[in-house]
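A.B. asks: structure here, sequence nowhere to be found:
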């Protein structure tokens, strides 16, 4: 996958660059007069975005906390009701088209909002676009597939081998970093579908996205990545358990 360094540097200064990826994060728009502001208002549904923002403010309490089951369902319900039109997206936009350039399709990240408690953003993937296997340390993550079909494979750390286990190691491979991980999700999701939720130690905290068609994913993370607070984004490689059974 080609990912521009802009988002990766926001997440972490570690192995992402070794993935030789590019991910494009759009710059924040500057005011261009009343005409442009009116056009932007037509592109999004302010009341829906405001409702999502307000709910996130009430649900996320900061580092070291996990939303209660009641709050999880509140936020899930808001996200489940959202559509591409609510965030001003359609499948005919250039973010979702492939080009003739060499390499994997370029993925675009649309930054919506970030504070110490949570972040909101949208990943725009052309067909065959891939977000490699990565983690979400100490985070609760809500992923809403707005349109398209996407294969998701997700893992949690494990202690006892099972037939579905894989060996996961950070991309900057060191034998001492080999660990067992159990496959939690391995399926194709097609919109409309329910919001996916992962937790710090459950629900598939490490996952990989592969676009089967052009697709858009609205991600809400609480709390967001933070190098200063130890929440680095780490990318991984996965292997069948049998390939490394002597290493664990």
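C.D. replies: Great, that's in hand. Note that this is a predicted model, so its numbers are computed, not measured.
A.B. asks: nearest residue to residue 204 other than its sequence neighbours?
C.D. replies: The shortest distance from residue 204 to any non-neighbouring residue, by CB to CB, 6 or more residues apart in numbering, is to residue 154 (2.6 Å). The C-beta positions use only the backbone N, C-alpha and C, and glycine is treated the same way.
A.B. asks: for residue 65, see how far away the one you found is.
C.D. replies: 22 Å (CB to CB, to the nearest Å).
A.B. asks: could you list the low-pLDDT ranges of this protein?
C.D. replies: With pLDDT under 70 as the threshold, the chain has low-confidence stretches at 1-45, 100-102, 163, 171-177, 244-248.
A.B. asks: the longest strand anywhere in it pairs with which strands?
C.D. replies: With DSSP state E setting the assignment, residue counts place strand 179-190 as the longest strand in the chain. Under the criterion DSSP bridges, strand 179-190 sits next to strand 149-157 (antiparallel), strand 165-170 (antiparallel) in its sheet.
A.B. asks: report the buried residues of the next helix or strand after it.
C.D. replies: In the C-terminal direction, the helix or strand that comes right after strand 179-190 (DSSP states H and E) is strand 196-198. By neighbour count, with 16 or more other CB atoms under 10 Å as the criterion, the buried positions of strand 196-198 are 196, 197, 198.
A.B. asks: picking that back up, partners of the residue nearest to residue 204 in the sheet?
C.D. replies: The bridge-partner assignment for residue 154, based on DSSP bridges, gives residue 185, residue 207.
A.B. asks: do I have it right that it meets residue 189?
C.D. replies: No: with contacts defined as CB atoms under 8 Å, residue 154 does not count as touching residue 189, sitting 11.3 Å away.
A.B. asks: export the strands paired with strand 179-190 as TSV, with columns for distance to residue 237 and mean neighbour count.
C.D. replies: Shown next, in TSV, are the strands paired with strand 179-190 (distance: least, CB to CB, whole Å; neighbours: other CB atoms under 10 Å):
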stretch	distance to residue 237	mean neighbour count
strand 149-157	12	19
strand 165-170	6	20
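A.B. asks: just the helices from this protein, written as ranges.
C.D. replies: Listed in chain order, the helices of the chain (DSSP state H) span residues 5-11, 34-43, 46-59, 69-80.
A.B. asks: helices or strands up against the last one?
C.D. replies: Taking 3 or more CB pairs under 8 Å, 6 or more residues apart in numbering; DSSP states H and E as the contact definition, the neighbouring helices and strands of helix 69-80 are helix 46-59, strand 140-147, strand 215-222.
A.B. asks: need the residues that contact the first one.
C.D. replies: Same thing as helix 46-59. Residues from elsewhere that reach helix 46-59, judged by CB atoms under 8 Å, 6 or more residues apart in numbering: 67, 71-72, 74-75, 78-79, 81-82, 86-87, 112-113, 117-118, 120, 220, 222.
A.B. asks: repeat the analysis, applying 7 Å as the threshold.
C.D. replies: 67, 71, 74, 75, 78, 82, 86, 113, 118, 120, 220, 222 (CB atoms under 7 Å, 6 or more residues apart in numbering).
A.B. asks: now do the contacts for the fourth one.
C.D. replies: The one in question is residue 75. For residue 75, the residues meeting the contact criterion (CB under 7 Å, 6+ apart) are 55, 56, 59, 142.
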